[in-house]
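Colleague: Sequence first, then the predicted structure:
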Amino acid sequence: MSESKTNGVPPHGEEKDNVPENEASSPPPTVDISGSHKKENKASKGQELKARGTWGGQLDFILALIGFSVGLGNVWRFPYLCYKNGGGAFLIPYIIMLALAGLPMFAMELGFGQFTSKGCIGIWTMAPLFKGIGIAMCIITAIVCVYYNMVIAYTLFYFFASFNKVMPWSGCDNYWNTENCTINTANNSRSENDTIGFNETTRPSQEFWNNYVLGRSEDMHHMGPIRWQLCLCLLLAWIVVFLCIFKGVKSSGKVVYFTATFPYVVLFILFIRGVTLPGAADGVLFYIKPDFSKLSDATVWKDAAVQIFYSLGAAYGGLHTLASYNKFHNNFQRDAIIIALINCGTSVFAGFVIFSVIGFMAHDSGLPISEVADSGPGLAFVAYPEALARMPVSALWSLLFFFMLFTLGLDSQFVMLETLITAVVDELKEYIPNVYAYKTRITIGACILGFLLGLPMTTNGGIYLLTLMDNYSAGFSLLVIAILECIVVSWVYCDQERWWFWCGSRSGTFFMFTGASQFVQDMKVILKFDMNWYWRACWMFISPAILLFIFIFFCVTYGPLTYQEYTYPPAMEFLGWCMVLAAVLVIPGYMVYFLLAKAKGEGIMQRLAFSVTPGEDWGPALNKHRLEAGYPLLPDIESGATGTSSPLQNGSFVNPPDYNDVISKGGNGAVILETST
């Protein structure tokens, strides 16, 4: 045998057996895709995709994307960041970060999932060594699912509490109020005990949140019993989530028609009401007044990048999952641009809604706007409810506001849960062919488990655990995953023909054969046109650099975690870092496992080449699309027809392709299939 054959790398799924030389050098097997074989292949694969589920229409997908990407952060985080970081001037770094980091990642993940019709784990047949990235996405999403539904439970608690003529957080004469409770007005401040100093006073909405809703304990060491009211709200939240997704995209695709559109109706109503209130103009001016001197502060750019990255939902696996239910030739590039602009527009518009009402509250209470404004739960459950309670017909506005928050969180939540279930079911399909028939039962089990894991957050110290999970579960680890995803897609991914040239020491051609070039060629099959240089430049250089900047900034500015006046002890921070490591360490852990247990080859370089080469089933799910993309056909289980999977046979390269031939194909490395007539 020639040296080039004895040093070959076996293909995925084939053992390197002792095969006679005449067999090893035989031409690649042909594929019979004519007649009944072709029809049966289409039917079997089509039935499989039908069992998996697809979107009922293009609008289902668009609304699901809006529901996933437009969440609570658009309402309770962006407005605060905007006024804190220079008002209208903050839009400059925000838009720049959208164009250079958020949008490219968003489009890449949509195209990634749509091309393969697989969840966030299954897609990594692109480079099997990095399958741990998909597993890490699922771990992060699972942790977020547990605590995010607790936030939804809080919105339900406030929603039900709003069925009162007088809002329970508006006064100081309730049993949960303390002597420090003070109602501020424009003319004076009234306290239940006039001897209390101003600095020691608390607002009634703050006491309602701490003392009644949370029953907050002193620290995380005193978790206390389960609060039955919160427990029931959490149970209801999980029941609603199950009802939204128990039939997969068939049910969730219809639910989003309401959950994705209703928040915009409420935002518009609250905007009209807010701008007609006294003091609204001061609040809006406070929100948008530009301070361009802030742009010299690196923190402002970091906040812009963080907000756009987390707001669009990249690296969670949700975008891959949603796109995997798309029709193969859907224009994901157009969808990505539309949804990204809607997401940013929603954030900006929500700022007007929030600060018009905050301006009214500052006017009515006689306090500066800076003392009234807040972000996160402090805005949603303290500041804004207090402002609503000061309006006429406060119950109506409170009901609308909290039901809006509920729907904003709901569609993000059920997309994340669908991400987990899709990933699990797609993986189990290898062992249980009819696993899709059990998807409803798997969904029930996931919801029950999520409810049980969320019970500790319904205790008196639950808010400490929620804050810990919120800060550590999807911070550092999500950035690591996003950076690695960019690197693998842009630099590692390439077909086996390209690996033949690379392994053959043709290093001068490496840049031409980068993963980004191959990925763009794959996307061209979907879109029917080339994605321009902007996308490739962002995926290869700009987006990873920005994500690395955020990661380094987080590391440099890291400090002890706090919740209001409580500082977390080192033991609790260690628990938080365990959440980070649970997701991050699975990536190198799986790499070691794959190299030792699953990779084929005689030496480390052969095993490594095998591990980063796309698997046999990488590519479109349907054979008609695989032919379009130049990928080998998948086996037809029913008819027994098989396709050639690669230019590798029995550990040897079979008819290595000509270098110029690969270039002439435009880089898609198509394997020519013979068809019988």
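Modeller: Looks like it arrived, so ask away. Since we're looking at a predicted model, the values are computed, not measured. Numbers count the residues shown, from 1 in each chain.
Colleague: What separation is there between the residue lying closest to I62 once chain neighbours are set aside and M579?
Modeller: Setting aside the residues directly before and after it, I62 is nearest to D335 in space (C-beta to C-beta, 6 or more residues apart in numbering), at 6.5 Å. The way it works is simple: take the backbone N, C-alpha and C, and place the C-beta from them, glycine included. Taking C-beta to C-beta, to the nearest Å as the measure, D335 falls 32 Å from M579.
Colleague: any idea of the pLDDT on R190?
Modeller: Looking at R190, its pLDDT reads 44.
Colleague: Okay, now the unreliable bits of the protein?
Modeller: For the chain, the stretches with pLDDT under 70 are 1-51, 187-200, 495-513, 636-677.
Colleague: could you pull out the strands for it?
Modeller: Taking DSSP state E as the test, the strands found in the chain are 182-184, 189-191, 562-563, 566-567, 648-649, 652-653.
Colleague: ok, the closest residue to S217 other than its chain neighbours - contacts?
Modeller: What sits nearest to S217 in space, not counting adjacent residues and going by C-beta to C-beta, 6+ apart, is N460, at 4.0 Å. Residues in contact with N460, defined by C-beta atoms under 8 Å, 6 or more residues apart in numbering, are L214, G215, R216, S217, H222, M223, G224, P225, R227.
Colleague: Count the residues that sit near the third one.
Modeller: As a burial measure, the neighbour count of R216 was computed by other C-beta atoms under 10 Å and equals 20.
Colleague: Likewise for the fifth one?
Modeller: H222 is flanked by 12 other residues according to other C-beta under 10 Å.
Colleague: Please name the residues that touch it.
Modeller: With C-beta under 8 Å, 6+ apart, H222 has these contacts: N460, G461.
Colleague: close enough to count as contact, L634 and D617?
Modeller: Yes: counting by C-beta atoms under 8 Å, L634 does reach D617; the two are 6.2 Å apart.
Colleague: M540 touches S490, doesn't it?
Modeller: Yes: contact status for M540 versus S490: in contact at 4.4 Å, counting by C-beta under 8 Å.
Colleague: Common neighbours of those two, please.
Modeller: T514, A516.
Colleague: follow-up on the earlier one: now the residue nearest to S217: phi and psi?
Modeller: N460 has phi and psi values of phi -60, psi -30 when expressed as degrees, to the nearest 10.
Colleague: now it: how far from V166?
Modeller: From N460 to V166 the distance is 26 Å (C-beta to C-beta).
Colleague: With A280 instead?
Modeller: Taken as C-beta to C-beta, the span from A280 to V166 is 23 Å.
Colleague: more crowded one of those two?
Modeller: A280 (21 against 10).
Colleague: which one is that one nearest to, not counting chain neighbours?
Modeller: S356 (4.1 Å).
Colleague: That neighbour: neighbour count?
Modeller: 25.
Colleague: Ok, R441 next?
Modeller: R441: 10 neighbours (other C-beta under 10 Å).
Colleague: what do you get for G253?
Modeller: Neighbours of G253 (other C-beta under 10 Å): 22.
Colleague: Likewise for the one 3 residues further on?
Modeller: Counted with other C-beta under 10 Å, residues neighbouring V256 total 27.
Colleague: Does it touch L63 like I think?
Modeller: Yes: V256 is within contact range of L63, at 4.1 Å (criterion: C-beta under 8 Å).
Colleague: Now do the shared contacts for these two.
Modeller: With C-beta under 8 Å, 6+ apart, V256 and L63 have no common neighbours.
Colleague: quick revisit: the residue nearest to A280 reaches G274, doesn't it?
Modeller: Yes: at 3.3 Å, S356 counts as touching G274 under the criterion of C-beta under 8 Å.
Colleague: overlap in contacts of those two?
Modeller: Counting by C-beta under 8 Å, 6+ apart, the residues touching both S356 and G274 are A280.
Colleague: L633 contacts K624, correct?
Modeller: No: taking contacts as C-beta under 8 Å, L633 lies outside contact range of K624: 9.5 Å.
Colleague: In terms of neighbours, single out the busier of those two.
Modeller: L633 (26 against 15).
Colleague: mind listing what the residue nearest to A280 touches?
Modeller: So S356 contacts F271, G274, V275, L277, A280, G283, V284 (C-beta under 8 Å, 6+ apart).
Colleague: Swap in 10 Å and give it another go.
Modeller: 270-277, 279-284, 287, 387 (C-beta atoms under 10 Å, 6 or more residues apart in numbering).
Colleague: Ok, E573 next?
Modeller: L468, N471, Y472, P560, L561, T567.
Colleague: From D60, how far out is the residue nearest to V415 when sequence neighbours are not counted?
Modeller: In this structure, V415 finds its nearest non-sequential neighbour in F68, 4.2 Å apart by C-beta to C-beta, 6+ apart. F68 is 13 Å from D60, where distance means C-beta to C-beta.
Colleague: Quick check: neighbours shared by those two?
Modeller: Joint contacts of F68 and D60 (C-beta under 10 Å, 6+ apart) are V256, L322.
Colleague: Of the two, which one has the most company?
Modeller: Between F68 and D60, counting by other C-beta under 10 Å, F68 is the more crowded of the two (27 against 22).
Colleague: my guess is that one meets H320, correct?
Modeller: No: contact between F68 and H320 fails when scored by C-beta atoms under 10 Å: they sit 11.5 Å apart.
Colleague: Now do the contacts for Y175.
Modeller: Y175 is in contact with N211, Y212, counting by C-beta under 10 Å, 6+ apart.
Colleague: 6 Å instead, please
Modeller: By C-beta atoms under 6 Å, 6 or more residues apart in numbering, the contact list for Y175 is empty.
Colleague: Could you tell me how far it is located from P635?
Modeller: Distance from Y175 to P635, by C-beta to C-beta: 69 Å.
Colleague: got it, and V592?
Modeller: Taking C-beta to C-beta, one finds V592 at 30 Å from P635.
Colleague: Look at those two and report which has more neighbours.
Modeller: P635 (18 against 11).
Colleague: thinking again about what came up before, what's the most distant pair in the contacts of E573?
Modeller: Y472 and T567 (15.3 Å; C-beta to C-beta).
Colleague: Show me which of those two is the more surrounded one.
Modeller: Neighbours per residue, other C-beta under 10 Å: of Y472 and T567, the larger number sits with Y472, 21 against 13.
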